[in-house]
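# Generate a structure from the sequence data that follows.
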Amino acid sequence: MPITIGTGLLLIAFTAQWVLKKKLQDKGLRTVYMWIAWIFAIAGGLSISTDVGRQIGLTGLGASIVSFLGLLLLAADLKDKRPDWGAFLLAAVLPLLMKLSSGPLGQIYKVLLFPFQALAAWIGHGFGG
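Numbers count the residues shown, from 1 in each chain. Predicted coordinates for the structure are as follows:
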């Protein structure tokens, strides 16, 4: 099975997050790794949404509801300044669900995700994907 750009971006994100949590001590470099981990997780989640969406059979309504719940949880973690592995995993999966959402809420999600989708395309192009 070939590695798609979405899978590759998620692999980079998970590696950066793991290094950040387990190995890295330098504060300046920790900030860089944090941005790499979270941005690549969102971009990777967006990039795999087309492939995964066809296979899992999730309805647009279900994706809208789960996305809303995920945003509530993620916002609480980020506001409390305690994003952990759970929040990181949610950041990687949430764009996929938001992109699969339907109805007016799905349209709002698509507008919110547009800058990240452009960034994902740019990063993917940089890697040759």
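
# Which secondary structure element of this protein has the lowest mean pLDDT?
The weakest-scoring helix or strand in the chain, judged by mean pLDDT, DSSP states H and E, is helix 27-56 (a mean of 79).

# And the next helix or strand past it?
Counting by DSSP states H and E, the next helix or strand C-terminal to helix 27-56 is helix 60-79.

# Next, the buried residues of that following helix.
For helix 60-79, the neighbour count (16 or more other C-beta atoms under 10 Å) marks 63-64, 66-67, 70-71, 74, 77 as buried. Using the backbone N, CA and C atoms, a C-beta is placed for each residue, glycine as well.

# Does Val66 touch Met98 like I think?
No: with contact defined as C-beta atoms under 8 Å, Val66 does not count as touching Met98 (9.3 Å).

# what's near enough to touch the spatially most central residue of the chain?
Residue closest to the average C-alpha location in the chain (C-alpha atoms, centre = their mean): Ile42, at 2.3 Å. Listed by C-beta atoms under 8 Å, 6 or more residues apart in numbering, the contact set of Ile42 reads 91-92, 94-95, 116, 120.

# so where's this protein shaky on pLDDT?
1-2, 49-58, 129 (pLDDT under 70).

# Repeat the analysis, applying 80 as the threshold.
Residues of the chain meeting the criterion pLDDT under 80: 1-4, 48-59, 78, 80-86, 124, 128-129.

# Going by distance to Gln107, which of the buried residues of helix 60-79 wins?
Set against Gln107, the nearest of the buried residues of helix 60-79 by C-beta to C-beta is Ser64 (10.2 Å).

# Quick check: the closest one vs Leu100, distance?
9 Å (C-beta to C-beta, to the nearest Å).

# and if you look at Lys79?
With distances taken as C-beta to C-beta, Lys79 is found 26 Å from Leu100.

# show me the residues around Trp38 that make contact.
Taking C-beta under 8 Å, 6+ apart as the contact definition, Trp38 lies against 13, 88, 91.

# Flag every buried residue along the least confident helix or strand of the chain.
Buried, per 16+ other C-beta under 10 Å, within helix 27-56: 33-34, 36-49, 52-53.

# same question, stretch 84-93
Those would be 87-88, 90-93, for stretch 84-93 by 16+ other C-beta under 10 Å.
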